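J.: Return atomic coordinates for the entry below.
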Amino acid sequence: MKKTVLVIEDNKEIRENTIELLELAGYRVIDVEDGKAGIHAAEKELPDIILCDIMMPLTDGYEVLENLKGNSSTTNIPFIYLTASAEKKEIQKAMDMGASAYICKPFDVNELIDTVERLLQ
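T.: Next up, the predicted model:
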């Protein structure tokens, strides 16, 4: 059975490219374009792993992670931030909040797939 990846990304082009890469690597992908929808999708679908942008309208990536870590059904799902921010304080905040990994955009395809595979083992 294919592992399921939830992609939460407001930029359509980045979202579509990420979906294509993950599907080519053999994953089932669910995608949403904002954090609020991402929280709902995670609670409903219980994906194997979540990729999430930080800067999004409605609900940002920090709020998404905080909500999911506070829910017993989603707290243990590996959570990867995919974001354009490479500032050390942002990376540290994300990791302190419980993110499993932090990948800066634009990202390397191999880095993305390797990180997903490592966290799913």
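J.: which residues does the residue nearest in space to the middle of the chain contact?
T.: With distances taken as C-alpha atoms, centre = their mean, L51 lies nearest the centre of the chain, 1.3 Å away. By C-beta atoms under 8 Å, 6 or more residues apart in numbering, the residues touching L51 are 5-9, 18, 80, 82, 116. Bear in mind the C-beta positions are built from the backbone N, C-alpha and C, glycine included.
J.: Tell me where the protein has strands.
T.: Counting by DSSP state E, the segments of the chain that form strands are 4-8, 28-32, 49-52, 79-83, 101-104.
J.: With respect to M95, which of the contacts of L51 is nearest?
T.: When the contacts of L51 are compared for distance to M95 (C-beta to C-beta), I80 wins out at 11.3 Å.
J.: Run the angle between the helix or strand of the chain with the lowest mean pLDDT and strand 79-83 for me.
T.: Across the helices and strands of the chain, mean pLDDT, DSSP states H and E gives its lowest value to helix 88-97, namely a mean of 87. Between helix 88-97 and strand 79-83, the angle comes out at 160 degrees (axes from the mean of the first three to the mean of the last three C-alpha atoms, to 10 degrees).
J.: Give me the packing partners of helix 88-97, helices and strands only.
T.: Where contact means 3 or more C-beta pairs under 8 Å, 6 or more residues apart in numbering; DSSP states H and E, helix 88-97 is packed against helix 61-69, strand 101-104.
J.: Can you say which of those is nearest to A86?
T.: strand 101-104 (4.6 Å).
J.: quick revisit: could you say which of the helices and strands packed on helix 88-97 is packed most deeply?
T.: Ranked by mean neighbour count under mean count of other C-beta atoms under 10 Å, the helices and strands packed on helix 88-97 are led by helix 61-69, which reaches a mean of 20.
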